[in-house]
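> Sequence unavailable; structure follows:
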């Protein structure tokens, strides 16, 4: 790491115990490594959430641009008239 800045963070006793357990188990070399890994996961999750929101907006717009809306009750009424009632499950 080229440049690091030390921070003081307040954590619950349970969180501290989890951090230390991750180091004690050998999964990480230090508590700082655990925190850095957690921050990388947090950034990735936020990125995915943004992408998902953008994709949902894009799909909604695509649906609105696809043509006139159909009334669901009318569509299902036509389907029932054509094919009958669905089987009871």
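Arrived safely. This one's a predicted model, so the numbers in the text were calculated from it and none came from an experiment. Numbers count the residues shown, from 1 in each chain.

> Which residues belonging to stretch 67-86 are considered buried?
By 16 or more other CB atoms under 10 Å, stretch 67-86 has no buried positions at all. For every residue, glycine as well, the C-beta is placed using N, CA and C.

> First-to-last residue distance for it?
Taking CA to CA, to the nearest Å as the measure, stretch 67-86 stretches 28 Å from start to finish.

> Return the per-residue confidence for residue 74.
Per-residue confidence (pLDDT) for residue 74: 92.

> Now do the contacts for it.
Counting by CB atoms under 8 Å, 6 or more residues apart in numbering, residue 74 makes contact with nothing.

> any idea how far residue 68 is from it?
Between residue 74 and residue 68 the computed distance is 12 Å (CB to CB, to the nearest Å).

> How about residue 53?
Counting by CB to CB - residue 53 and residue 68 are separated by 27 Å.

> For this protein, give me the ranges with low pLDDT.
Applying pLDDT under 70 to the chain flags the ranges 1, 87-89.

> try 80
Across the chain, the ranges flagged by pLDDT under 80 are 1-2, 85-89.

> centroid residue for it?
Nearest to the geometric centre of the chain sits residue 49, at 5.0 Å (CA atoms, centre = their mean).

> how far does the helix or strand encompassing it sit from the chain's center?
Secondary structure from DSSP states H and E places residue 49 in helix 31-65. From the chain centre to the centre of helix 31-65 is a distance of 6 Å (CA atoms, centre = their mean, to the nearest Å).

> elements contacting it?
For helix 31-65, the elements it packs on are helix 13-24, judged by 3 or more CB pairs under 8 Å, 6 or more residues apart in numbering; DSSP states H and E.

> and the helix it packs on, what does it pack onto?
Applying 3+ CB pairs under 8 Å, 6+ apart, one finds that helix 13-24 contacts helix 31-65.

> Can you check what angle separates the helix it packs on from helix 13-24?
Following axes from the mean of the first three to the mean of the last three CA atoms, to 10 degrees, one obtains 110 degrees for the angle between helix 31-65 and helix 13-24.

> Okay then, goodbye and thanks.
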